[in-house]
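**Q** everything below, folded, please.
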Amino acid sequence: MPFREAIRLALQVIWSQKMKSSFSVIGVFIGVTFLIAVVSILQGMNAYMTERFAGALLGVNTFQLRRYPNFQVGDISRETWREWRRRPRIMYDDADAVAASFSVPVLTSWSSVNRADVVYGGSVVRDIEIVGAGEQYFDLKGWQFEHGRPFSPQEARVGATVVVLGYELADRLFEGADPIGREVKIRNMPYRVIGVVESQGNVFGISLDKFAIAPALSPVKRFVNPPRVVDELLVKAETAADLETAMLEAEAVMRSRRGLRPTEENNFTLETSEAVLDFWGKINSVLMMALPGLVTISLVVGGIVIMNIMLMAVAERTREIGIRKSLGARRRDIMRQFLVESATLATVGAGIGIGTGLGLAGLITATTFLPARVAPWSIVLAVFLGAGVGIAAGLYPASRAARLDPVEAIRHE
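**A** Numbering: from 1, shown residues only. Sure thing, here's the model as predicted:
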């Protein structure tokens, strides 16, 4: 029997027995749907964490000199927390000394953060991130401006009462009106708006556009930190090699200033996005290791169901098999027909599962902040898994059908 004819007969049987066929494909359908949806979401999350999360919050080729890590991942013990809290603060002089020490081209900026209300006339936007920063902060972040400009080196040096707003904050305060030159109040201190940063979107549903940035030496310094203390020194290098060099130089300066002996650990932190990405990589590895097991369970269940359905089909079509063998059908023809039928069943289930998985991934992307990116290899794998399960599940029923004695089969009622 030609292979094309075997497929045609298999599809006819599937179409004529819709209810039985639908039960046959459920296991494969569930397994493939799960495979496509989960792999798509994990692939999307990998790209999201690398391109969006790490880029937006820390930046590429960027590190932070801090008292302790800004992003705590994993289980942090009480002893570790106590050790971090005992560390000396990062001072203006520390930041200046480190910024002056680099032998490679870098951008640097102080940065200190607190939260406060921002007021304009009768409008109040509460719990806004207030940042005191240097003039290179905006270049370091790579931000573009919707309106106005960043503050100048002169304004940063004299601590001018000027402020740059995030897009969402400006929109809520001024409701579409031009904000440039208007005066807002932070902790009852007036600041003149000189710029509005383009919208940065959000990360995991958290807006990145609700902030106000003033020069680090402006009156904002009175509440973001104790006197002459900064939260962090941000450093951005041009290349990964320059970043590594800059980190080594910053570490050497800080250890010298702190008087640390060679055997003593650092009492400060140099933080990059790698810690966060490494933590996500471990989670992703665990999920990817668990995925084959979960998919295999569904496919095994689906294979068992297909095998049972095919055994029932052999029993129901025993007389038909006997007639076909008496008319000259060979064992391999009978075996091929049943193998193709079971493989077609599983492949149809896989095809429906692929479509459903893609739809589910798209729905999650459209209705939540979780991204999804379809991995072409997962679709190819799903098709091969579907066909493989069908062939494996159909081997025994097909072999049993092929071994039937034609005379006994024709007598079967």
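**Q** please count neighbours and contacts with C-alpha atoms only from this point.
**A** Will do.
**Q** how about the contacts made by residue 269?
**A** Residue 269 makes contacts with 64, 65, 66, 67, 68, 69, as judged by Cα atoms under 8 Å, 6 or more residues apart in numbering.
**Q** check the gap between it and residue 84 for me.
**A** According to Cα to Cα, to the nearest Å, residue 269 stands 10 Å off from residue 84.
**Q** got any residues that touch both of these two?
**A** 67, 68.
**Q** any stretches of the stretch 301-413 of the chain with poor pLDDT?
**A** Along the stretch 301-413 of the chain, segments meeting pLDDT under 70 span 316-317, 321, 405-413.
**Q** ranges for the helices of it?
**A** All helices of the stretch 301-413 of the chain, identified by DSSP state H, counting those that start in this stretch, fall at 318-326, 331-367, 376-402, 406-411.
**Q** tell me which stretches of the stretch 51-200 of the chain form helices.
**A** Under DSSP H, counting those that start in this stretch, the stretch 51-200 of the chain gives helices at 54-57, 78-86, 92-99, 137-141, 153-158, 167-174.
**Q** how about the last one as CSV, C-alpha atoms only?
**A** In other words, helix 167-174. Below are the C-alpha coordinates for helix 167-174, written out as CSV (Å, rounded to 0.1, in the frame of the first residue of the first chain):
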residue,chain,number,x,y,z
TYR,A,167,6.7,61.0,31.7
GLU,A,168,3.8,59.6,33.7
LEU,A,169,4.4,62.0,36.6
ALA,A,170,4.4,65.0,34.3
ASP,A,171,1.3,63.8,32.6
ARG,A,172,-0.6,63.4,35.9
LEU,A,173,0.6,66.8,37.3
PHE,A,174,0.0,68.9,34.2
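**Q** centre of the chain to that helix, how far?
**A** 29 Å (Cα atoms, centre = their mean, to the nearest Å).
**Q** please apply the same query to stretch 195-207.
**A** On Cα atoms, centre = their mean, the centre of stretch 195-207 falls 18 Å from the chain's centre.
**Q** and what of stretch 213-229?
**A** Here the centre of stretch 213-229 is set off from its chain's centre by 35 Å, with Cα atoms, centre = their mean.
**Q** what sits up against it?
**A** Contact partners of stretch 213-229, identified using Cα under 8 Å, 6+ apart, comprise 89-92, 110-114, 130-135, 151, 155-165, 189, 231.
**Q** out of those, which are buried?
**A** 89-92, 110-114, 130-135, 151, 155-156, 159-165, 231 (16 or more other Cα atoms under 10 Å).
**Q** do I have it right that residue 30 meets residue 300?
**A** No. Taking contacts as Cα atoms under 8 Å, residue 30 lies outside contact range of residue 300: 11.2 Å.
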